[in-house]
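Peer 1: Quick one: sequence and predicted model below, then my questions.
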Amino acid sequence: MIDEALSRFALSPDATAELCNVSENHTYRVEDPKKGTFALRVHRPGYRTAHQIECELQWVDALRKDGAVDTCVPVAAPGGERVVDLGSHNVVLWEWLPGAEPDPEGDEVIDGFRMLGAVSARMHAHARAWPRPNGFDRPIWDFAHTLGAEGYWGLWQDGLGMGAEELALLEPFRGQIPDEVFGEPFVPPVSDGSGQDRALLRKAQQLLQEAKLPVKDGKRLLPNGEVFTIEFLLDEPSFQPHHATFIKNLGQLGIEASIRLIDAVQYRARVEAFDFDMTTMRLSMSPTPGDSLRPYFTSQAAATKGSYNLAGVASPAVDALVDKAIGAETREDLTIACRALDRVFRAGRYWVPQWYRTNHPIAYWDVFAHPEKPARYTQGTGAPENWWYDAAKSAKLEQAK
């Protein structure tokens, strides 16, 4: 899709695009060796029409021409249109406006907020005074359309993206589950990637203080006065580097964290007996969840040694929602039940995500040959029993070493 967008704006075939921001839309930094640097904005499908986006560009033009804000300049495609319809998405290309992100811990952040406030005030004044062109169409962001009864995303009291059917499943458990289940779903914090995100460490410090877990002589204390300790149980040395930064940051908060590396037999025995503080687990669920939910998330599984419910999830609400998901008769009912289950599970803080991959790496050794026309019922990689060693390919590999 990105390649098609770049070609529609007549950029060179050597142009590259790198994702640099995700919010309402996806924004890419485009480098064209012949034409320079641009920003490509890919609009969320179904959110705004091409005409509404063009109206936004008209206001951006007016802000710049009237001297209110130094805005980016939208780039027209060869046909003159500034909003290009790719079928599934609308895209807009902008001239790149150079700048630098301020250090979040530096003094320039304060000056940046002053500038942001001044720019916002000028934009507000301009919007109130600017005469709209005929046919101008943009959403109205007033109280009624944000927090009121005419909100574009429904009533905020119903939670982000929560429909009436989902709410009906959760309502019987109000008071038994966290109130946040009925609000915006919990999303794990995202660090700055430095390995020592000071903003998140400050937030963690605040939460621990609010939980009445003080620090004495550099050690975080539990309510009973004991030192807060936590042990990560592992049977694979390869996991140690992934835990090292986490342990270091826990230490900065006064928490004594450590790794216990044991052999596979001991590890299996302790995990099956739930004899650990924290351990790692790979969760891979079916696109159509069903009875496989029970051994992972139900109260019965939590009381059964050897089950997959390592987090000890034992919640009547979760049990009921698992039953709803398993008993769903339509895909729509299954989706509603799983969304409700996801809300309750997130609010329980049962897990700390490590990582995930969106692709599958494949290594191959190109020293084999195979028939040009595969066998009739061959699938996937073919039939290895029909391959043979190719001396010429092997020689090329040796030369490339």
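Peer 2: In hand now; what should we look at? Just so it is clear, the structure is predicted and the values come from calculations on it, not from any experiment. Numbering: from 1, shown residues only.

Peer 1: so how far is the helix or strand bottoming out on mean pLDDT in the chain off the chain centroid?
Peer 2: Ranked by mean pLDDT, DSSP states H and E, the weakest helix or strand in the chain is helix 143-146, scoring a mean of 80. The chain centroid and the centroid of helix 143-146 are separated by 27 Å under CA atoms, centre = their mean, to the nearest Å.

Peer 1: now do stretch 207-220
Peer 2: For stretch 207-220, the distance to the chain centre is 30 Å (CA atoms, centre = their mean).

Peer 1: cool, stretch 41-48 as well?
Peer 2: The chain centre lies 18 Å from the centre of stretch 41-48; the measure is CA atoms, centre = their mean.

Peer 1: end to end, how far does it reach?
Peer 2: Distance across stretch 41-48, first residue to last, is 13 Å (CA to CA, to the nearest Å).

Peer 1: Pull the residues that contact it.
Peer 2: 1-2, 5, 24-28, 53, 56, 88-94 (CB atoms under 8 Å, 6 or more residues apart in numbering). Bear in mind the C-beta positions are built from the backbone N, C-alpha and C, glycine included.

Peer 1: Stretch 2-21 now?
Peer 2: Residues outside stretch 2-21 that contact it (CB under 8 Å, 6+ apart) are 26-35, 38, 40, 42, 75, 77-78, 84, 86, 91, 93.

Peer 1: again, but for stretch 25-33
Peer 2: 2, 6, 11-12, 14-21, 37-44, 93, 96.

Peer 1: Show me how to select, in ChimeraX, the buried members of these.
Peer 2: A single ChimeraX command selects the buried members of the contacts of stretch 25-33 (16 or more other CB atoms under 10 Å):
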select :2,6,11,15,17,38,39,40,41,42,43,93
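
Peer 1: Which ones among the contacts of stretch 25-33 lie within helices?
Peer 2: If you go by DSSP state H, these have Ile2, Leu6 in helices.

Peer 1: Filter the contacts of stretch 25-33 down to the ones in strands?
Peer 2: Those of the contacts of stretch 25-33 mapping onto strands are 16-21, 37-42, 93, per DSSP state E.

Peer 1: Just the pLDDT for Thr298.
Peer 2: On pLDDT, Thr298 comes in at 95.

Peer 1: Now for it: which residues touch it?
Peer 2: Going by CB under 8 Å, 6+ apart, Thr298 touches Asn309, Val313, Ala314, Val318, Asp319, Val322.

Peer 1: Chain neighbours aside, what residue packs nearest to the second one?
Peer 2: Translated: Val313. Phe297 (5.0 Å; CB to CB, 6 or more residues apart in numbering).

Peer 1: Give me the distance between the one you found and Gly148.
Peer 2: Separation of Phe297 from Gly148 (CB to CB, to the nearest Å) stands at 37 Å.

Peer 1: isn't Gly306 right up against Glu272?
Peer 2: Yes: under the criterion of CB atoms under 8 Å, Gly306 makes contact with Glu272 at 4.2 Å.

Peer 1: So Leu207: helix, strand or coil?
Peer 2: Classification of Leu207 using DSSP: H, G, I helix; E, B strand; the rest coil returns helix.

Peer 1: And the helices in the chain?
Peer 2: For the chain, helices defined by DSSP H occupy the ranges 2-8, 50-65, 108-129, 143-146, 164-170, 198-210, 240-252, 264-272, 294-297, 299-302, 316-327, 331-347, 391-400.

Peer 1: okay, the ones you listed in TSV with distance to Val367 next?
Peer 2: Conversion of the helices of the chain to TSV gives the following (distance: least, CB to CB, whole Å):
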stretch	distance to Val367
helix 2-8	33
helix 50-65	53
helix 108-129	57
helix 143-146	63
helix 164-170	55
helix 198-210	48
helix 240-252	33
helix 264-272	34
helix 294-297	43
helix 299-302	48
helix 316-327	48
helix 331-347	46
helix 391-400	4
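
Peer 1: hey, least reliable of those helices by pLDDT?
Peer 2: helix 143-146 (a mean of 80).

Peer 1: List the buried residues in it.
Peer 2: Buried, per 16+ other CB under 10 Å, within helix 143-146: nothing.

Peer 1: ok, and what's touching that helix?
Peer 2: Pro139, Glu150, Gly151, Tyr152.

Peer 1: and if we set it to 6 Å?
Peer 2: By CB atoms under 6 Å, 6 or more residues apart in numbering, the surrounding residues in contact with helix 143-146 are Glu150, Tyr152.

Peer 1: Can I get that helix as CSV, trimmed to CA atoms?
Peer 2: The C-alpha trace of helix 143-146 is given here as CSV (Å, rounded to 0.1, in the frame of the first residue of the first chain):
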residue,chain,number,x,y,z
PHE,A,143,-19.0,19.3,24.7
ALA,A,144,-22.0,17.5,23.2
HIS,A,145,-19.9,15.7,20.6
THR,A,146,-17.0,14.7,23.0
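
Peer 1: Give me the pLDDT value at the nearest residue to His370 once chain neighbours are set aside.
Peer 2: Once flanking residues are discounted, His370 sits nearest to Trp387: 4.7 Å by CB to CB, 6+ apart. For Trp387, the pLDDT comes out at 81.

Peer 1: Let me see the backbone angles for Trp387.
Peer 2: phi -80, psi 160 (degrees, to the nearest 10).

Peer 1: Compute the number of surrounding residues for it.
Peer 2: Using other CB atoms under 10 Å, Trp387 is surrounded by 14 other residues.

Peer 1: Cross-check the contact I'm expecting between it and Phe368.
Peer 2: Yes: the criterion here is CB atoms under 6 Å, and Trp387 meets it with Phe368 at 4.4 Å.

Peer 1: Common neighbours of those two, please.
Peer 2: Joint contacts of Trp387 and Phe368 (CB under 6 Å, 6+ apart) do not exist.

Peer 1: which residues does Gln399 contact?
Peer 2: Residues in contact with Gln399 (CB under 6 Å, 6+ apart): none are found.

Peer 1: Oops, could you answer that again for Val60 instead?
Peer 2: Thr71 are the contacts of Val60 under CB under 6 Å, 6+ apart.
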